[in-house]
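Engineer: What shape does this take:
(chains A and B, ligands or ions: 4)
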Protein chains: 2
Amino acid sequence: MKDANMTKPCIICVAITGSLPTKENNPAVPITVAEQIESTQEAFEAGATIAHCHVRDDEGKPTSDPERFGRLKEGLEKHCPGMIVQLSTGGRSGAGQTRGGMLPLSPDMASLSVGSNNFPTRVYENPPELVDWLASEMVKYGVKPEIEAFDLSHILKAADMFKKGQIAETPYVQFVMGVKNAMPVDRDVFEYYIKTVHRLFGEDANWCAAGIGAHQITLNDWAVSSGGHART
Amino acid sequence: MKDANMTKPCIICVAITGSLPTKENNPAVPITVAEQIESTQEAFEAGATIAHCHVRDDEGKPTSDPERFGRLKEGLEKHCPGMIVQLSTGGRSGAGQTRGGMLPLSPDMASLSVGSNNFPTRVYENPPELVDWLASEMVKYGVKPEIEAFDLSHILKAADMFKKGQIAETPYVQFVMGVKNAMPVDRDVFEYYIKTVHRLFGEDANWCAAGIGAHQITLNDWAVSSGGHART
Ligand SMILES: [Zn+2]
Ligand SMILES: [Zn+2]
Ligand SMILES: [Zn+2]
Ligand SMILES: [Zn+2]
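Structural biologist: Residues are numbered from 1 along each chain as shown, chains lettered A, B, ... in the order given. Ligands and ions are numbered 1, 2, ... in the order given. So this is what the prediction gives:
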């Protein structure tokens, strides 16, 4: 984790192939590892400092395959020197402990969901035991988590985990808004999220925000004007 | 639903046999329907105005059995005339649509979880489809929901459902705090919950709060001094 890069206001987090789009939806979405590295390099040269990474299998479906994550990480380190590599442990790419199978690669960061919530058509399940295990793997392999806050309690849970040593450094929280049946895009809540991060983690605590789909522009606007990090 | 009873500050909500305790844990906890009616009558005579009800099967395990709920409701109507009867559709008593099997009894109120979250050792699953179905049954049978807010997004989800007609009247929200891995007992969040209820549902909107176990006293203190309803 390059903490020197974690200072405001220059962090831009680029999401490489979010877990949802496939080539069928959008032929321009990078799918192969080679394509991902190429598009990330463009973003890196344009100023992005964190690469939030998902990978796909040969059918274009989300996977947690450590081998693919390994090739992506290696390629990014070669082509985007100094870029922070953040691998996704999200539930769309696998179930149970397979979600953390790439953590032994010791990426700079990995996403970590610390609670459960609803998604548009199902429950996004992050059972307590799995959360604890993923966090312990991150401590073990020196991976800084990005806490995916789909709801307010997830920020308080991160504080509790930090207090207990389950998270090694001051939690770095991403507010996720605009997912149907989870937290909507709401400015008042957004302000309260920031207030809560500062209350729990100090005035210097970093955070970022992600709006889903069309909400991304709104959330980036809000984030950049409030001292948070943008996500593209 | 007796709306005349829904005016501040006189609502006291008594929880009859929460879903967790069994006779083994605490021999004084009422279990049979007859015992439940008796203990509720005492609370009613002492001023309680809402009875939040769970029922048990012959082994003392939580159940959603409509027949038992029917006997309890009938007994309460007879022995506690005017008391608001609220039946639980909570997930500890059953799975899927069995959770709403008692709604055709048209109780005054029923609890309604509108999102998912973690519990101490598992995920509390309220999939979107089930939430929609339970809400539609409540509209169909004229049952006022009490929204169980285990997290902030649940209050915003209730607002969305109200806007869409999935909830017939101004939502009545209960803040649930102190469940491990869900929302902790946090005064700042509690104040923000109240602020959010007033922002979304108006200054006159009623709400109540429930603290789990030892937290109940704290939450009642906070609720009563902030214009909410107590739960005993
Ligand atoms: Zn980020
Ligand atoms: Zn992701
Ligand atoms: Zn209540
Ligand atoms: Zn209950």
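
Engineer: contacts, neighbours, all on C-alpha from now
Structural biologist: Will do.

Engineer: before we move on, what SS does the most centrally placed residue in chain A have?
Structural biologist: For chain A, A:S111 is the residue whose C-alpha lies nearest the centre (C-alpha atoms, centre = their mean; 4.2 Å). What DSSP: H, G, I helix; E, B strand; the rest coil gives for A:S111 is strand.

Engineer: can you check A:H52 too?
Structural biologist: strand.

Engineer: That one is in contact with A:Q36, isn't it?
Structural biologist: No: using C-alpha atoms under 8 Å as the test, A:H52 is too far from A:Q36 to be in contact (11.1 Å).

Engineer: Give the residues shared as contacts by these two.
Structural biologist: A:I16 (C-alpha atoms under 8 Å, 6 or more residues apart in numbering or on different chains).

Engineer: Neighbour count for the two, which is higher?
Structural biologist: Using other C-alpha atoms under 10 Å in any protein chain shown as the criterion, A:H52 and A:Q36 rank with A:H52 on top: 23 against 20.

Engineer: for the more buried one, what are its contacts?
Structural biologist: A:13-16, A:85-88.

Engineer: which one of the residues you listed has the most neighbours?
Structural biologist: That'd be A:L87 among the contacts of A:H52, by other C-alpha under 10 Å, with 31 neighbours.

Engineer: Can you list phi and psi of it for me?
Structural biologist: For A:L87, the backbone dihedrals are phi -100, psi 140 (criterion: degrees, to the nearest 10).

Engineer: go on, A:E203?
Structural biologist: For A:E203, the backbone dihedrals (degrees, to the nearest 10) come out as phi -70, psi -20.

Engineer: now the contacts of A:H52 in CSV, with secondary structure and distance to chain B?
Structural biologist: CSV is the format used below for the contacts of A:H52 (DSSP: H, G, I helix; E, B strand; the rest coil; distance: C-alpha to the nearest C-alpha, whole Å):
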residue, secondary structure, distance to chain B
A:C13, strand, 25
A:V14, strand, 26
A:A15, strand, 24
A:I16, strand, 27
A:V85, strand, 29
A:Q86, strand, 25
A:L87, strand, 24
A:S88, coil, 21
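
Engineer: Now tabulate the residues you listed in a markdown table and tack on distance to A:A149 and pLDDT.
Structural biologist: As requested, the contacts of A:H52 are exported to a markdown table (distance: C-alpha to C-alpha, whole Å; pLDDT from 0 to 100):
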| residue | distance to A:A149 | pLDDT |
| --- | --- | --- |
| A:C13 | 16 | 76 |
| A:V14 | 18 | 80 |
| A:A15 | 16 | 79 |
| A:I16 | 19 | 74 |
| A:V85 | 20 | 96 |
| A:Q86 | 16 | 95 |
| A:L87 | 16 | 95 |
| A:S88 | 14 | 94 |
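
Engineer: how about the helices in chain A?
Structural biologist: A:33-45, A:66-79, A:128-140, A:152-163, A:187-201, A:216-225 (DSSP state H).

Engineer: Need the CA coordinates for the fifth one. CSV is fine.
Structural biologist: In other words, helix A:187-201. What follows is helix A:187-201, C-alpha atoms only, in CSV (Å, rounded to 0.1, in the frame of the first residue of the first chain):
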residue,chain,number,x,y,z
ARG,A,187,-27.2,13.8,-0.7
ASP,A,188,-28.2,14.1,3.0
VAL,A,189,-27.1,10.5,3.6
PHE,A,190,-23.9,11.2,1.6
GLU,A,191,-23.1,14.1,4.0
TYR,A,192,-23.8,11.9,7.0
TYR,A,193,-21.5,9.2,5.7
ILE,A,194,-18.7,11.7,5.5
LYS,A,195,-19.5,13.0,9.0
THR,A,196,-19.5,9.5,10.3
VAL,A,197,-16.1,8.6,8.7
HIS,A,198,-14.6,11.7,10.3
ARG,A,199,-16.2,11.0,13.6
LEU,A,200,-15.0,7.4,13.7
PHE,A,201,-11.7,7.6,11.9
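
Engineer: residues from chain A in reach of chain B?
Structural biologist: With C-alpha under 8 Å from any C-alpha of the partner chain as the criterion, chain A meets chain B at residues A:115-123, A:125-129, A:151-153, A:156-157, A:181-184.

Engineer: From these, list the buried ones, please.
Structural biologist: Burial by neighbour count, 16 or more other C-alpha atoms under 10 Å in any protein chain shown: within those this picks out A:115-119, A:122-123, A:125-128, A:151-153, A:156-157, A:181-184.
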